[in-house]
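**Q** Show me how the following folds:
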Amino acid sequence: MLPGNSIGQHLVLTSFGESHGKSIGAVLDGCPAGLDLDEKDIQKMLDLRKPGQNLISTQRKEGDVVEIISGVFRGYTTGAPITMVIWNSDQKSKDYENLKTKLRPGHSDYPAMTKYNHYNDHRGGGRFSGRLTATQVMGGAIARKLLKISLGIETNSFTSQIGKIKMEREFNNKMINSIYKNETRCPETKIAKIMRENILDAKKKGDSLGGIIESVTTNVPVGLGEPIFSSLESDLSKAIFSVA
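**A** As a prediction, the model looks like this:
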């Protein structure tokens, strides 16, 4: 059985690093040789989740610049594990010193302290930080390109609801180019503006809003997945619920 820092079977993604450590990164093992790949393919996906881009996202400033340090040679994958790293730069670790004794409710502070017998890195949530989602994006960027080239599979995700504000139309392929033209990632421009206003209003009040993200995948081959424990739905659920 794979440890809790890895996911996948044929294509295995291992995440490493802590929020306020020197770096965070990912190792993707199982990618076949010969895939046309460079850092730009990964960077463009990381730029979509990069913090500090607007008023409705976290204000931590990180360039999130990826560096490939193994598994790619002369612009093509070699078949060896692909190791990718992001060097952290905007850590304000002193802001978290009180977390040694004052544990935040609803966060991982207490479980992490107990699980690792007080040896955990408490700064910014350490290994439990949402910052580690960047490592999932690294592996996902490669998997996304591999699926499109080898099987013609495409995946597009978008925000369909924030609080009580919902999309008015059903998503279709004509909306794909509109997803990333606004801060909320909603393909309906009018609704996206209302969503943004509601988020900023909640922020002023010290509140937050829930939401719904939808993902649409096309050209999926018939019979993908297994009947019981490794069904497509169960494997996707594990990945989705692992997002911090």
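**Q** Give me the secondary structure label for G223.
**A** When classified by DSSP: H, G, I helix; E, B strand; the rest coil, G223 comes out as coil.
**Q** roughly how far apart are it and L232?
**A** Going from G223 to L232 by CB to CB, to the nearest Å gives 10 Å. Quick note: C-beta positions are derived from backbone N, CA and C, even for glycine.
**Q** Looking only at neighbour counts, state which of those two leads.
**A** L232 (13 against 7; other CB atoms under 10 Å).
**Q** Do I have it right that the more buried one meets L224?
**A** Yes. L232 is within contact range of L224, at 5.5 Å (criterion: CB atoms under 8 Å).
**Q** those helices in the chain, which residues are they?
**A** 39-49, 109-115, 133-151, 189-204, 232-241 (DSSP state H).
**Q** Can you point out the buried residues in the second one?
**A** Right, the one you point to is helix 109-115. Using 16 or more other CB atoms under 10 Å as the test for burial, helix 109-115 gives 109, 112-113.
**Q** The last one too?
**A** Of the residues in helix 232-241, D235 count as buried by neighbour count, 16+ other CB under 10 Å.
**Q** now for the helices of the chain, which one comes closest to S19?
**A** For S19, the closest of these is helix 133-151, at 10.2 Å, according to CB to CB.
**Q** Quick check: mean pLDDT of that closest one?
**A** What helix 133-151 shows for mean pLDDT is 96.
**Q** name the helices or strands packed onto it?
**A** strand 12-17, strand 23-29, helix 39-49, strand 82-87, strand 154-162 (3 or more CB pairs under 8 Å, 6 or more residues apart in numbering; DSSP states H and E).
**Q** 7 Å instead?
**A** strand 12-17, strand 23-29, helix 39-49, strand 82-87 (3 or more CB pairs under 7 Å, 6 or more residues apart in numbering; DSSP states H and E).
**Q** By mean pLDDT, which helix or strand of this protein comes out lowest?
**A** helix 109-115 (a mean of 89; mean pLDDT, DSSP states H and E).
**Q** Dump the buried residues of helix 109-115 to JSON lines, plus distance to F73.
**A** Formatted as JSON lines, those follow (distance: CB to CB, whole Å):
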{"residue": "D109", "distance to F73": "42"}
{"residue": "A112", "distance to F73": "38"}
{"residue": "M113", "distance to F73": "43"}
